[in-house]
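1. have a look; sequence and predicted model below, questions after that.
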Amino acid sequence: MRISSKVTDDKIAEIIEKPLTELILRPSDGSVSQKDLLKVCEALKSHTSLTRLDLDSAGIGDEGCKQIAQLISASKALHAIDLQYNNITTVGAKTLAEAFQTSNSKPTIRDLHLGRNDLKSECVTAMTGIL
């Protein structure tokens, strides 16, 4: 499923109702509000077959990483997460790292894309060690 417009209640209902293996969220205005990201992540927690989440250029920042971390902890099938170009700093990456360390999905994550964020080299090294 691809959402390239504003996240509406109809889109959330569609996420909940449809069996999803992939969600690509790229709003035309270039960012997702924290409120909308929370709605999307809550809706995705019910999907046991979600394997790919693509939020490239969604502008979620470190705050959004908290929502993604909760989704990681709830997921058992997620294989790929794309968070490139999201203004994520070491703070957000640490939040994700903690989720990977404590979640059931740790062994299933094969692709994590964090390119073009403001991450320090030690953070990248630490993430590599976790996955």
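-> Noted; the coordinates are in hand. Numbers count the residues shown, from 1 in each chain.
2. got a list of what Glu42 touches?
-> Counting by CB atoms under 8 Å, 6 or more residues apart in numbering, Glu42 touches no other residue. C-beta: built from backbone N, CA, C; applies to glycine.
3. centroid residue for this protein?
-> The residue lying closest to the centre of the chain (CA atoms, centre = their mean) is Ile68, at 4.3 Å.
4. so it touches Asn86, yeah?
-> No: Ile68 is beyond contact range of Asn86, at 9.5 Å (criterion: CB atoms under 8 Å).
5. how about the helices in the protein?
-> Assigned helices in the chain, in chain order: 9-17, 34-44, 61-74, 90-102, 121-130 (criterion: DSSP state H).
6. can you redo those helices as a markdown table with mean pLDDT?
-> Shown next, in a markdown table, are these (pLDDT from 0 to 100):
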| stretch | mean pLDDT |
| --- | --- |
| helix 9-17 | 91 |
| helix 34-44 | 93 |
| helix 61-74 | 93 |
| helix 90-102 | 89 |
| helix 121-130 | 77 |
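7. which residues do Ile68 and Asn86 both contact?
-> With CB under 8 Å, 6+ apart, Ile68 and Asn86 have common neighbours Leu55, Ile60.
8. and among the helices of the chain, the most buried is which?
-> Ranked by mean neighbour count, the helices of the chain are led by helix 61-74 with a mean of 21 (mean count of other CB atoms under 10 Å).
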